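**Q** Next input, structure requested:
(chains A, B, C and D)
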2 protein chains.
Amino acid sequence: MSATPPQLKARKLPVQARSAHTLTVIFDATVQVLLRDGYSRLTTTRVAERAGVSVGSLYQYFPNKEALLAAVMGRHLDHIGEAMEQACIAGKGQDTATMAAQLVDGFMDAKLDQVGLSRALYQLPMALGRDEQAAQTTERCARAIHNMLASRKASLEAQSMAVFVVTTCLIGPMQTLLTGHEPTPENVAALRVELKQLLLGYLQQLLGETKPQPHTVNDSQ
Amino acid sequence: MSATPPQLKARKLPVQARSAHTLTVIFDATVQVLLRDGYSRLTTTRVAERAGVSVGSLYQYFPNKEALLAAVMGRHLDHIGEAMEQACIAGKGQDTATMAAQLVDGFMDAKLDQVGLSRALYQLPMALGRDEQAAQTTERCARAIHNMLASRKASLEAQSMAVFVVTTCLIGPMQTLLTGHEPTPENVAALRVELKQLLLGYLQQLLGETKPQPHTVNDSQ
DNA sequence: TTAAAAGCTGAAGGATGCTTCATATTATGA
DNA sequence: TCATAATATGAAGCATCCTTCAGCTTTTAA
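**A** Residues are numbered from 1 along each chain as shown, chains lettered A, B, ... in the order given. Next up is the predicted model:
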């Protein structure tokens, strides 16, 4: 199922405690370097240095730099996947509000108890300057959206997080769609419909068109 | 406002038609290389080659490779920003369904009339193999979610796009939050609340707890 | 105790790729 | 027409960095 390309497979599995430790420090160092220096300055030498091991050790467990990154990302993705599966099991058969809460908390918790790694991986593409641009565009869109919504409801100042959600909740679906196989017109059309439903429901709540749905805000942790 | 770091600024602006054309072909070539060969194989030499100009020409307009990427991404972001502002203007003062439709279509159209570029930029981080992993995790989460929802509603087979939206709509907000400044606990808590509202509303529709909201599905293009 | 296995080291090979600059070509406008 | 500015060229310098490997140290288990 998880068919990892051959060049990305681990070269050797640790058998002694010593090497398991080495593997751990290499992982940690990779994340640190990613966070402190960014992807473009992540070199095998630098990782090894930060980890306090020699480059040779690194290459004992990873056939190449790419495999190292793949492993780090794989770990994180597994963590997310695990968390979501648990959340869904916990939500199974429950009421809708609980399901929603499980999904949100499951995802956010999983991301947040690996904040450093999460940030590093998201920023992976955004070498300095580019993430700045992206942030500015988000700001710009948020302003425009706030402005539009203010035409219908004056007291939006306290709702900046809601505007933020409106601004960003379309990103994930589109990103995922576009990252996969070239999207078909049918998929695109279907996605349009669903996203409109998604936003419509949320905006109606936000603009006070529906009475607040009865649900307990389950503040886990 | 758009404070581009000095090393990323264009080195020289075209004054003759000839150089304007050169700039265009360089942009196009960059996108092509990004799509065909991926980020890791995007070299200035290769871009110049594909563009049919010399490397020197490239460096006449961009101080370095990073600036080239920044420019390409900047263009795309501007396009998105522009589109969203227009959408918001069009939606201003309209009914909620229209607003939702404007936002969705505005965003999707903007992304889609630069599909190639969109895909290239999203994949930028995901050198071969890593995007595969990500896709698998999405699949995994979608299955879990489908399973959970099926405990409440049997006929979900026809709703795969809805499940997809549930699976992915949390990504954007978290990604954006984490990519910016280190998130505060207050922001995190507020986001939890909002995302639960977002999902709750959508899930209620999906599970048939609310009568379908009256809204015209505005199929632009 | 000791041979074999596992793990570690880091200098150096080799490849790649960014960037420069001296030179050549083309365009402008007086 | 001609001087000047704009633009284009691409070989080569320079730096970086991935990766290997022969030898050394530590652990295992017999």
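
**Q** Isn't residue A:123 up against residue A:38?
**A** Yes - here residue A:123 reaches residue A:38: they are 7.2 Å apart, a contact under C-beta atoms under 8 Å. The C-beta positions use only the backbone N, C-alpha and C, and glycine is treated the same way.

**Q** who has more neighbours, the two?
**A** More crowded of residue A:123 and residue A:38, by other C-beta atoms under 10 Å in any protein chain shown: residue A:123, with 20 against 16.

**Q** Quick check: the more buried one vs residue A:131, distance?
**A** Separation of residue A:123 from residue A:131 (C-beta to C-beta, to the nearest Å) stands at 6 Å.

**Q** who touches both of those two?
**A** The contact sets of residue A:123 and residue A:131 overlap at residue B:179 (C-beta atoms under 8 Å, 6 or more residues apart in numbering or on different chains).

**Q** what's near enough to touch residue A:201?
**A** Contacts of residue A:201 (C-beta under 8 Å, 6+ apart): B:198, B:201-202, B:204-205, B:213.

**Q** For stretch A:9-20, give the mean pLDDT please.
**A** Taken as a whole, stretch A:9-20 has a mean pLDDT of 81.

**Q** Dump the host helix or strand of residue A:195 to CSV, restricted to CA.
**A** Following DSSP states H and E, one finds residue A:195 within helix A:185-206. What follows is helix A:185-206, C-alpha atoms only, in CSV (Å, rounded to 0.1, in the frame of the first residue of the first chain):
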residue,chain,number,x,y,z
PRO,A,185,-14.0,19.2,-15.1
GLU,A,186,-16.5,17.0,-13.3
ASN,A,187,-14.4,17.1,-10.1
VAL,A,188,-14.0,20.8,-10.4
ALA,A,189,-17.7,21.3,-10.9
ALA,A,190,-18.6,19.1,-7.9
LEU,A,191,-16.0,20.8,-5.8
ARG,A,192,-17.6,24.2,-6.6
VAL,A,193,-21.0,23.0,-5.4
GLU,A,194,-19.6,21.6,-2.2
LEU,A,195,-17.5,24.6,-1.3
LYS,A,196,-20.4,26.9,-1.8
GLN,A,197,-22.4,24.8,0.6
LEU,A,198,-19.6,24.9,3.1
LEU,A,199,-19.2,28.6,2.9
LEU,A,200,-22.9,29.3,2.7
GLY,A,201,-23.6,27.5,6.0
TYR,A,202,-20.8,29.2,7.7
LEU,A,203,-21.6,32.7,6.4
GLN,A,204,-25.3,32.3,7.4
GLN,A,205,-24.2,31.5,11.0
LEU,A,206,-21.7,34.4,10.9
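
**Q** Report the distance from it to the chain centre.
**A** Here the centre of helix A:185-206 is set off from its chain's centre by 21 Å, with C-alpha atoms, centre = their mean, to the nearest Å.

**Q** State the mean pLDDT of that helix.
**A** On average, helix A:185-206 scores 94.

**Q** Okay, buried residues for that helix please.
**A** Of the residues in helix A:185-206, A:187-188, A:190-206 count as buried by neighbour count, 16 or more other C-beta atoms under 10 Å in any protein chain shown.

**Q** contacting residues around residue A:54?
**A** residue A:48.

**Q** what about it, distance to chain B?
**A** Distance of residue A:54 to chain B, given as C-beta to the nearest C-beta, to the nearest Å: 25 Å.

**Q** now swap in residue A:104 and tell me
**A** Taking C-beta to the nearest C-beta, one finds residue A:104 at 5 Å from chain B.

**Q** longest helix of chain A?
**A** In chain A, taking DSSP state H as the definition, the longest helix is helix A:65-91.

**Q** So which elements touch it?
**A** Packing partners of helix A:65-91 (3 or more C-beta pairs under 8 Å, 6 or more residues apart in numbering or on different chains; DSSP states H and E): helix A:17-37, helix A:44-51, helix A:96-112, helix A:115-123, helix B:130-150.

**Q** Helix or strand: which one has the residue in chain A that DNA strand C sits nearest to?
**A** Nearest residue of chain A to DNA strand C (C-beta to the nearest atom of the strand) works out as residue A:56 at 1.9 Å. Residue A:56 belongs to helix A:55-61 when assigned by DSSP H and E.

**Q** So what's the gap between that helix and the chain middle?
**A** 29 Å.

**Q** for stretch A:109-124, same thing?
**A** The answer for stretch A:109-124 is 7 Å, by C-alpha atoms, centre = their mean.

**Q** do stretch A:87-105 as well
**A** Centroid separation for stretch A:87-105 versus its chain: 19 Å, with C-alpha atoms, centre = their mean.

**Q** Just give the closest residue to residue A:110, not the sequence neighbours.
**A** Closest residue in space to residue A:110, ignoring its immediate chain neighbours: residue A:83 at 3.5 Å, by C-beta to C-beta, 6 or more residues apart in numbering or on different chains.

**Q** What's the local residue count around that neighbour?
**A** With other C-beta under 10 Å as criterion, residue A:83 counts 20.

**Q** Next one: it, what pLDDT does it get?
**A** The model's pLDDT for residue A:83 equals 92.

**Q** wait, what's in contact with it?
**A** Going by C-beta under 8 Å, 6+ apart, residue A:83 touches A:106-107, A:109-110.

**Q** On the three-state scheme, residue A:208 is what?
**A** Secondary structure for residue A:208, judged by DSSP: H, G, I helix; E, B strand; the rest coil, is coil.

**Q** Phi first, then psi, for it.
**A** Reported as degrees, to the nearest 10, the phi and psi values for residue A:208 are phi 70, psi 30.
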